[in-house]
Each structure stands twice: as structure tokens, then as C-alpha cells.
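> Could you work out the structure for the sequence below:
(chains A, B, C and D)
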Protein chains: 2
Amino acid sequence: MVSQVRSFNRTVTERAGALNETFLSRGRPLGQARLLWEIGQNGSDIRLLRARLDLDSGYVSRLLRSLENDGLAVVERSRADGRVRTARLTARGMAERKVLDRLSDDAAAALLGPLSDRQRTRLVTAMAEVERLLTASAIQVGVADPREPSARACMRAYFAELSRRFDGGFDPDRSISADDEELSPPAGLLLLATLHGEPVGIGALRFQHDRPPDIKRMWVAAAARGLGLGRRLLADLEARAAGHGARVVRLETNRALAEAIGLYRSAGYREVPAFNEEPYAHHWFEKDLELPGSGAEVADPVGRARLPPA
Amino acid sequence: MVSQVRSFNRTVTERAGALNETFLSRGRPLGQARLLWEIGQNGSDIRLLRARLDLDSGYVSRLLRSLENDGLAVVERSRADGRVRTARLTARGMAERKVLDRLSDDAAAALLGPLSDRQRTRLVTAMAEVERLLTASAIQVGVADPREPSARACMRAYFAELSRRFDGGFDPDRSISADDEELSPPAGLLLLATLHGEPVGIGALRFQHDRPPDIKRMWVAAAARGLGLGRRLLADLEARAAGHGARVVRLETNRALAEAIGLYRSAGYREVPAFNEEPYAHHWFEKDLELPGSGAEVADPVGRARLPPA
DNA sequence: TTCATTCTCTGACTATAGTCAGACAATCAG
DNA sequence: CTGATTGTCTGACTATAGTCAGAGAATGAA
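Take a look at the predicted model:
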């Protein structure tokens, strides 16, 4: 598997990657071209450009100066904040950007050109699959403080979705509590999933005395669905519960959340009688955990240990 | 389709391409690292390195000097030819190369790490498909002089394969002739397919007075099979025959060449009674060509015209 | 108001990647 | 043997990409 991945990297960076660099810089240094592209049609604050391209502030400043000298962009101060400066493309800059766009299309078309219709369809399908799975693998999952802004944002999105989907809406105050304290160690924990720094999912565990831990707040952003993230969060939570000594985990859910219920069932949860008085729940589930230390359930970000020997 | 390709390029070159560059240069300039890698375990002539990496001779010389100064490689004159110099890795150089190899494995494994077993299998399968099809699209097909060395090499390989596969072998002199003259314009033409400059297939057309043109010398190198190259060569030959005014093309083949026969049938050829006395043939085929100018059959290396509007 | 912070810019650097012309030695074709 | 060619190296360049320290203006917090 690893060798297939390496071979893929070689082929693809040669074929697809090299292209990008070559034509993006039409006479112009690559850095300038990238910046020109990134400014986009509606302009952009310089600090955003810096963040997106991960470049030094002095360097960006100089690149912008050269774009200005070539008459491709103008830089002016932002009206909202006098410290911030905003770059905008001139008409010539826009035209140049269109050319790049066109060249990019041509390069992509040239890749498809020599293939038959059937091959094209297969290529595009396989590309979409690779892209989807590489995106899935780029998602990072880790313990987070429920008070930090991205966790808060997920929580808000989660509640908003519940009140949209539940019959009669959702009011967090009527639901069984799970406040920041309860979702932070040692009382519990919150897993946050991020993609390129953006929060795209959460899942929480609440430990209880003399009772199995509860799984709470399972949520995946719409943009990150179909990537197996729900299953990954669930498995990670189970592993952490097991690592904490739990033999069983439980959760409750609402009948409106059909895909979640499907996930729980397919992950080995069985429905049990109500074990609490959660007013929004229609189903209660329970799963027996494997003993930790078997290795199979332990989260392993690099994954070497889980790979077959070859 | 084009936008999917572009999206793929963006995602994948970010994820796979960037990796390569980052870890290959561990403290060392990327150029040196690439050279170190390319020298390989058994050493390599400098001129080969230059050709493979497409670098300036002075530049390579300097890079080698720095590898020598770091004690990673030695350069000595070739025993076969005093002008040529050969680079070889020292023990330290080998060790360094092993580290790069290991890091490359790790990077690939890290890509697979966060995925489930099922996702990994799907990813690797899709990667293989993308790679295969990108390789197919990297093959260039064009008219070549049958006298040029790569065409000769294909012809030799073709005859060798025939004599290996035919019952009782194959002797070109007993077969109906198709000499260099007959396969060069205006009497005929030879299509040569190359992948990264290496010849990987041929196909020829021989025009005849008052008779439909013959398709001859259809051959695809073992390394390039399964890429749809045979079908592509055949379609290209048909298009050129049609462009030449032919309404029909014909060909004959030996029963040992089962996959070729399958290709002809599926490409719309129908078996006809023997139209010549080729001693090695068991099957004779014929196909009606569409009129040229419909666009569908015209070879179009860039392919824009054949793509759907969006 | 004051002080710390944020955002951008300038000046002064460095390293990498690469090009080009010419020198020199070995080899090959005639 | 001669002259052309091939392969390598050196010297002298250039451009790109990027880093770092500090200055100065605008803003926000106390």
C-alpha cells in the first residue's frame, strides 16, 4: 500500500504538479502569479493573503509593490480598520487572471485530451475518490477545550442543526446538561476535528461514577460529511473510554437523526431501554468495548502500527 | 470534468507534492537531495543523471562537488570511456539515502494513517486508477519515420513477439512485405507512441491503388498494455485513412493474437474472406469508416473540441 | 490619556536554482 | 594523424524566494 502511495505521488506530482508551476508563471515570477491569483476578483485584505499563502509580511509587501508597478493591482487602506490594507486587481490584473484561469482549464483539458470518453469518466471518478479520501485523511482529530472558539462554533452549529431538525425545535436548557466542566478532563473530554485549521466536527465523552460513560455532542459539519468522520470520532471516543477503564459506553439520540442512528447500529451499538430522562431522546444505545491494549482500537495518528507489514 | 481535474490538481499537489519537497531536503538543498536520490545504490554516469533530472551540466557538476564535500558521494572516471565520469554514493551517502527512503515511506503511511481499512483500500485502488490513466494520457502518438531508431526498436520487438507467439515461429521474409518505403508518406505511414520519450507502441497504414488501405504492424509494448493504447492507435490510423479518402480499412491477423482479435471485433471490424495470401494470417477483417469532417474521429491532441461545453 | 498590540512597510541580508561561455581532456571517424 | 565531437568542469553571472529587525501608523484596552 505504501509503495502504491509513493508511486502515485511520483506520477502525479510530475504530471499534474509540474504543470501548475510552469504555466502559472507566464514570464512572471511564481510568487507574483500566486498572489495575483489569490487576490481574486473582489480583492482581499493583505493579512488574509499572508495567512492563506503562509508568506512573510515583508515578502508579500514587496510582491504587491511589483504587481502595482506592473499595473496589475492597487493597494489601498481598508475603511473598516486603518491599519489593514486591501489589495484589489486593476482591469489589467483581472485580464491577466482570466488568462491564468484559461490556461489552467487548458492544462486540465490537455490531460483529458488523449483519453477515450470512457477513460475520461473513469479518470474523473477516480480523481474525485482520491481527493475525497485525501481530504478525509487531512482531517485532524484531537482533544480540545470546549471553551475555545472553534469548539464553541461547532457547538452552536450543532444546536442550530438540532433545533432545525427536531420536531418542535431544541432548547439546550431542557436537555440533560453537559457543560464545559463536564466535557473537560477529568470529568469528560471533547474531541475536535479540524480540516486545514477549520473546525469540522466534534464528539464528547462524559465520565460518570458507577455508570458507563456517555457519548454526547456527536456532530459533523455538512461540508465534511461522507468522509467517514462520524465513524472516526465515534471509534476514537470509544478507544478513549476503554483507555479510561470503561467496559461499556452509552448514548441517546433523537429519531430525527437517521444517519446517526444508522452509524450507531453499524458500529455495533444495540438499542436498550431508556437509561435516563433526556426529553429529546427516542432511542438509547449501548456498546460493549473491547479491552484496551489489543492495539486495534488505539488511535494512532501516524498509522504505521496499523499497517500490514509490506 | 475540467473543473474536477483542476480541483484534483489543487488538492493533490498540495497534499502529496508539498510533502515530497519538504522532507526530501532535510537541511540539504533540494537539488542535492534529488541528485543523491537519483545516483542510486549502484552509482550512475553523470550524463545519465543530467538527462534524467534535465539539469545543466555545470550545475550538476557543482551539486556533485557539494555532495563530495559532505562525504556523501564520490566521482570517478568511467573505465569504459575516459570522458565519462561516474558518481557513486559513499557509505554515508547510502545511509542518507536510506533515511530519505524511510521518510518517504513514513509520509505515505501518514497519509493512510487516519483512514479506516476500507477507506485505505479504496484510496489505494483509486490512486492506481488515476496513475494508470494519467500514464495513458501522457503517451504521445505521432507519425514517425520507420527508419528512426525507436521505430526500428519497436519493429524488432514486434517481430520477436510474433515469432514467440506464432505456432512455428515467424519469418518476416515469408510474410507480405511492408518495407520502410511502404510505411512512409506518401505510400503509407507509421504511427509511433512514446511515453516519456520511450517508444511503447506502433501501428502502420499502407495505402494501395484501387484497394482499401491496410493496417499493419499493430503492436503495444508489454509495459504499456492495459492503457487503451491499442485502441487509440487503431482509431488514429482509421482517422488518417479516412482523411486520406478511404471508405474502408482492412487488416489480417494470426489466431495466436487473441487480444488483438478482440480489439478489432470490439472496434467494429467484421471478419471477411481472405483478401490476400498472407501465410501467417488466419483472420481477415474489414471496417467501414465514417466520413471525415464529422469531428468525432479526428485526432485532437489537446482535446478541447471533444469536451462537453461545461 | 497611555501603553500594548496589530498591521504594513523598508532596508539589509542569505540561500537556492539556474544559465552561459569557454577550457580541457578523451574519444571517434576518416 | 587530424579534426570534430562528447563529456565534464570552472568562472562569472542572474533571478527568485525568502528571512529578520526595526520603524511608524492605527487601533483597542485600561
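
> near DNA strand D, which residues of chain A show up?
Within reach of DNA strand D by CB under 7 Å from any atom of the strand, chain A has these residues: A:25, A:29-32, A:55-59, A:62, A:81-83. C-beta coordinates here come from the backbone N, C-alpha and C atoms, glycine included.

> Write a PyMOL command that selects only the buried members of those.
Selection of buried members from the residues of chain A next to DNA strand D for PyMOL, criterion 16 or more other CB atoms under 10 Å in any protein chain shown:
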select buried, chain A and resi 31+32+55
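
> Pretty sure residue A:201 sits in a strand.
Yes - with DSSP: H, G, I helix; E, B strand; the rest coil as the criterion, residue A:201 is located in a strand.

> Tell me who's in contact with it.
A:139, A:154, A:192-193, A:219-221, A:224, A:229-230, A:233 (CB atoms under 8 Å, 6 or more residues apart in numbering or on different chains).

> which among these are in contact with chain B?
residue A:139 (CB under 8 Å from any CB of the partner chain).

> Report the lowest-confidence entry in the contacts of residue A:201.
Taken together, these show their lowest pLDDT at residue A:154, with 88.

> From residue A:64, how far out is that one?
Per CB to CB, to the nearest Å, residue A:154 is found 35 Å from residue A:64.

> for residue A:130, same thing?
From residue A:130 over to residue A:64 (counting by CB to CB), the distance is 35 Å.

> do residue A:163 as well
45 Å.

> For these two, indicate the residue with more neighbours.
Higher neighbour count among residue A:163 and residue A:64: residue A:64, with 22 against 13, using other CB atoms under 10 Å in any protein chain shown.

> Of the residues of chain A next to DNA strand D, which is the nearest to DNA strand C?
residue A:58 (2.8 Å; CB to the nearest atom of the strand).

> who are the neighbours in contact with the closest one?
Contacts of residue A:58 by CB under 8 Å, 6+ apart: none found.

> so it sits in a helix?
Yes - applying three-state DSSP, one finds residue A:58 inside a helix.

> how about CSV for the residues of chain A next to DNA strand D, with pLDDT added?
Listed next are the residues of chain A next to DNA strand D as CSV, based on pLDDT from 0 to 100:
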residue, pLDDT
A:25, 65
A:29, 89
A:30, 88
A:31, 89
A:32, 92
A:55, 92
A:56, 94
A:57, 94
A:58, 94
A:59, 95
A:62, 95
A:81, 89
A:82, 86
A:83, 90
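
> Which pair in the residues of chain A next to DNA strand D has the greatest spatial separation?
A:25 and A:82 (34.1 Å; CB to CB).

> what about the closest residue to residue A:57 other than its chain neighbours, helix or strand, and which?
With CB to CB, 6 or more residues apart in numbering or on different chains as the criterion, residue A:57 has its nearest non-adjacent residue at 5.9 Å, and that residue is residue A:50. Using DSSP states H and E, the element containing residue A:50 is helix A:46-53.

> CA atoms only: put that helix into PDB for me.
Extracted C-alpha coordinates of helix A:46-53, given in PDB (Å, rounded to 0.1, in the frame of the first residue of the first chain):
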ATOM      1  CA  ILE A  46      -3.300  41.700   2.800                       C
ATOM      2  CA  ARG A  47      -3.300  39.900   6.100                       C
ATOM      3  CA  LEU A  48      -5.600  37.300   4.600                       C
ATOM      4  CA  LEU A  49      -3.300  36.900   1.700                       C
ATOM      5  CA  ARG A  50      -0.400  36.400   4.100                       C
ATOM      6  CA  ALA A  51      -2.300  33.800   6.100                       C
ATOM      7  CA  ARG A  52      -3.600  31.900   3.100                       C
ATOM      8  CA  LEU A  53      -0.300  31.700   1.300                       C
END
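
> Next, see if it gets close to DNA strand C.
Yes - using CB under 7 Å from any atom of the strand, helix A:46-53 reaches DNA strand C at A:46-47, A:50.

> Run through the stretch 51-200 of chain A and note the low-pLDDT ranges.
Across the stretch 51-200 of chain A, no stretch falls below the confidence threshold (pLDDT under 70).

> picking that back up, list of residues touching the helix holding residue A:50?
Residues contacting helix A:46-53 (CB under 8 Å, 6+ apart): A:34-35, A:38-39, A:55-57, A:60-61, A:64, A:75, A:84-87.

> So which of those belong to strands?
A:75, A:85-87 (DSSP state E).

> who wins for neighbours among these?
residue A:87 (25 neighbours).

> separation between that residue and chain B?
21 Å (CB to the nearest CB, to the nearest Å).

> Show the contacting residues for that residue.
So residue A:87 contacts A:39, A:43-46, A:49, A:64, A:67, A:73-75 (CB under 8 Å, 6+ apart).

> beta partners of it?
residue A:44, residue A:75 (DSSP bridges).

> swap in residue A:287?
residue A:249.

> What distance do you get for the residue lying farthest from the centre of chain A to chain B?
The C-alpha centroid of chain A is most remote from residue A:69, which lies 38.4 Å away (CA atoms, centre = their mean). To chain B, residue A:69 is 29 Å away according to CB to the nearest CB.

> Next: residue A:53.
From residue A:53 to chain B the distance is 12 Å (CB to the nearest CB).
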